[in-house]
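# sequence-free structure coming up:
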């Protein structure tokens, strides 16, 4: 199975990488950009073929390593 | 409009961040992980309401700033 994990900063948490990209886009002449936020997309290939087991395991991975749940939220898609 | 851009390393390009996470997951006792790849997810809020214009503009942003097209591929979703 393949898990796609998106990790992004919670609303209200300052995103310096996003801010920098926003400024850079402005300087390059891209007008009409209201906001830029940058997160991580983590693609995990798992050996199991059990969807529930995969979901559970990836949730644990997020809680222990992949996301900092104090400032980050995450979503998991299994396919 | 809102654009979701996923930027990820091309197949065959070494992904040290993914490798490090893979090792860390192994050390934490997560078995059955075959591969980990880490990319960026960039969420751009645009002032325009024209889908085609948004798509075109974000493509240009990717080509000039957001992705290094020598080693990275990207996908764009507009919603």
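Now that the structure is in, tell me what you want to look at. Keep in mind the model is a prediction, meaning the values are calculated, not measured.
# Mind giving me the packing neighbours of the lengthiest strand in chain A?
Counting residues, the longest strand found in chain A (DSSP state E) is strand A:33-46. Applying 3 or more Cβ pairs under 8 Å, 6 or more residues apart in numbering or on different chains; DSSP states H and E, one finds that strand A:33-46 makes contact with strand A:2-9, helix A:16-27, helix A:51-61, strand B:2-9, strand B:33-46. (C-beta placed from N, C-alpha, C; glycine too.)
# Run the angle between that strand and helix A:16-27 for me.
Here the directions of strand A:33-46 and helix A:16-27 differ by 130 degrees (axes from the mean of the first three to the mean of the last three Cα atoms, to 10 degrees).
# Please identify the pairing partners of strand A:33-46 and their relative orientation?
strand A:2-9 (antiparallel), strand B:33-46 (antiparallel) (DSSP bridges).
# Buried residues of that strand, list them for me.
Across strand A:33-46, burial judged by 16 or more other Cβ atoms under 10 Å in any protein chain shown covers A:33, A:36, A:37, A:38, A:39, A:40, A:41, A:42, A:43, A:44, A:46.
# Compute the number of surrounding residues for the spatially closest residue to the fifth one that is not a sequence neighbour.
Read it as residue A:39. Distances taken as Cβ to Cβ, 6 or more residues apart in numbering or on different chains place residue A:8 nearest to residue A:39, at 3.3 Å, with adjacent residues excluded. Counted by other Cβ atoms under 10 Å in any protein chain shown, the residues lying close to residue A:8 total 20.
# Pull the number of nearby residues for residue A:20.
Neighbour tally, residue A:20, other Cβ under 10 Å: 12.
# Can you tell me the centre-most residue of chain A?
For chain A, residue A:7 is the residue whose C-alpha lies nearest the centre (Cα atoms, centre = their mean; 2.2 Å).
# distance of that one from residue A:63?
Distance, residue A:7 to residue A:63, by Cβ to Cβ, to the nearest Å: 12 Å.
# and what of residue A:26?
Distance from residue A:26 to residue A:63, counting by Cβ to Cβ: 37 Å.
# ditto for residue A:35
28 Å.
# again with residue A:78
Separation of residue A:78 from residue A:63 (Cβ to Cβ) stands at 16 Å.
# For these two, indicate the residue with more neighbours.
Under the criterion of other Cβ under 10 Å, the comparison of residue A:78 against residue A:63 puts residue A:78 first, with 17 against 11.
# beta partners of the more buried one?
Under the criterion used (DSSP bridges), residue A:78 bridges to residue A:3.
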